[in-house]
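Trainee: Here is my input, please return the structure:
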Amino acid sequence: MDFFSSQFKLGILGGGQLGKMLLSETRKFDIQTYVLDLSADAPSKIACNKFFQGNLMDFEAVYNFGKQVDVLTFEIEMVNIQALTKLEAEGIKVFPSPKTLKVIQNKAVQKEFFVASNIPTSKFEKFSNLENLKTTVSSSAFEMQIVKDLKSAIGNHQSKITLPFVWKSTEFGYDGTGVKVIKCEKDLDLLPNIECIAEEMIAFKNELAVIVVRNFDGQIKHYPVVEMEFHPEANQVEYVICPARIPDDIAQKAIEIALDVSKKINHVGLLAVEMFLTQDSQILVNEVAPRPHNSGHQTIEASYTSQFENHLRAILNLPLGNCDSKLAGVMVNLVGEEGFSGNVKYENIEKIMAIDGVTPHIYGKQQTRPFRKMGHVTIVNKNIFEARRIAEVVKNNIRVISV
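Mentor: Purely as a prediction, here's the structure:
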């Protein structure tokens, strides 16, 4: 198939900022781009050849959209798998495949896959609804009190679920949504009554990520290990630091685990593998995403080949680009300030652009709200510690507020 031809059509399910940044790379090739998104003013709308409005979880919307393109990819996991499966059976190339998506889309299925595949991960339990979780937490607390009071014959027995723990919805979670730290039983009253998992709280030194890219022929490459710093309340990434400030042997261990996950999932395209580095220097896989990822935004300025170009190369089965970094890079997420909702206004962009090595990316979302991702800023520098210092200056100056 001639990818360098105006007749070739690439379809992207999802029109958010990831799609918009992916579309900037398609301009290097002479291909048509189609986008499907529920929002009439999705960020990708201005960057594609044809935009279609529709629900990504609706079978007919996804199927009818997919029939118009040669290769179909996505920038968000929550899409209709049945439609993708039928499209693939009818000859449309879908990357990553519906088979890959089935493993990843539901977080309980994803965790069960890790366990079955001997991929190190935290302990967890799956619950069909909130009431079942509440019952288990109450009985766990009761059993633990018995053990404590009797010092007892029960010995070392302990239920899997003990407070505190991490609650995750199995579907429709993103950007901190669908993830809560549960510190006491009362916290459970704030949760929706949906299928979920409860994960053991991990005492970690760092949160790490490795992005692996693989094309259809099996060529595989990876980006350097990055370190992620999270907002304590919103559970969102505030900073991505590349390279991670960790010992070389730990970085190599993280890369080996990420490559093992990639091999076992057998994806085509990007796979972002998020991990915990524990206090005793073990590495546990937290979760994965089969698409361009927040932990790779700094690759646009800092790497020889951005994550977005390499995703495109992979799904078109082209040779993969160099994943090495040209410079150290730090990414700062721009999110809506607390207390502001409505038409967005960005303060002090010109102030941060006066700093060497600083590049803002504004996603084009018209409405802001607290903690909504509205853009990011990349800082590149020869020295990672200087880049991180400048990132703090950027974070303290730029504000995303409403008019």
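Trainee: Could you find the closest non-adjacent residue to the one residue sitting closest to the centre of the chain?
Mentor: For the chain, residue 293 is the residue whose C-alpha lies nearest the centre (C-alpha atoms, centre = their mean; 4.7 Å). Nearest non-adjacent residue to residue 293, counting by C-beta to C-beta, 6 or more residues apart in numbering: residue 272, 3.5 Å away. All C-beta spots, glycine's among them, are computed from the backbone N, C-alpha and C.
Trainee: what's the burial count for the one you found?
Mentor: Neighbour count for residue 272, taken as other C-beta atoms under 10 Å: 22.
Trainee: just residue 306 next, same as before
Mentor: Neighbourhood size, residue 306 [other C-beta under 10 Å]: 24.
Trainee: what's near enough to touch it?
Mentor: Residue 306 makes contact with 25, 296, 299, 300, according to C-beta atoms under 8 Å, 6 or more residues apart in numbering.
Trainee: same deal with residue 380?
Mentor: 298, 301, 302, 326, 327, 328, 329, 357, 359, 387.
Trainee: thinking again about what came up before, what strands line up against the strand or helix carrying the residue nearest to residue 293, and which way round?
Mentor: Following DSSP states H and E, the helix or strand that holds residue 272 is strand 269-278. Using DSSP bridges, strand 269-278 pairs in its sheet with strand 204-214 (antiparallel), strand 283-289 (antiparallel).
Trainee: and the next helix or strand after the first one, which strands flank it?
Mentor: Same thing as strand 204-214. Downstream of strand 204-214, the first helix or strand assigned by DSSP H and E is strand 220-222. Within its sheet, strand 220-222 is paired with strand 204-214 (antiparallel), according to DSSP bridges.
Trainee: ranges for the strands of the stretch 101-250 of the chain?
Mentor: Applying DSSP state E, counting those that start in this stretch to the stretch 101-250 of the chain gives strands spanning 124-127, 165-169, 179-182, 196-200, 204-214, 220-222, 226-230, 237-242.
Trainee: Using TSV, lay out these together with mean neighbour count and distance to residue 263.
Mentor: Listed next are the strands of the stretch 101-250 of the chain as TSV, based on neighbours: other C-beta atoms under 10 Å; distance: least, C-beta to C-beta, whole Å:
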stretch	mean neighbour count	distance to residue 263
strand 124-127	19	23
strand 165-169	20	25
strand 179-182	17	27
strand 196-200	21	24
strand 204-214	23	9
strand 220-222	18	8
strand 226-230	20	21
strand 237-242	24	23
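Trainee: These: which one's closest to residue 286?
Mentor: For the strands of the stretch 101-250 of the chain, the distance to residue 286 is smallest for strand 204-214, at 7.4 Å, taking C-beta to C-beta.
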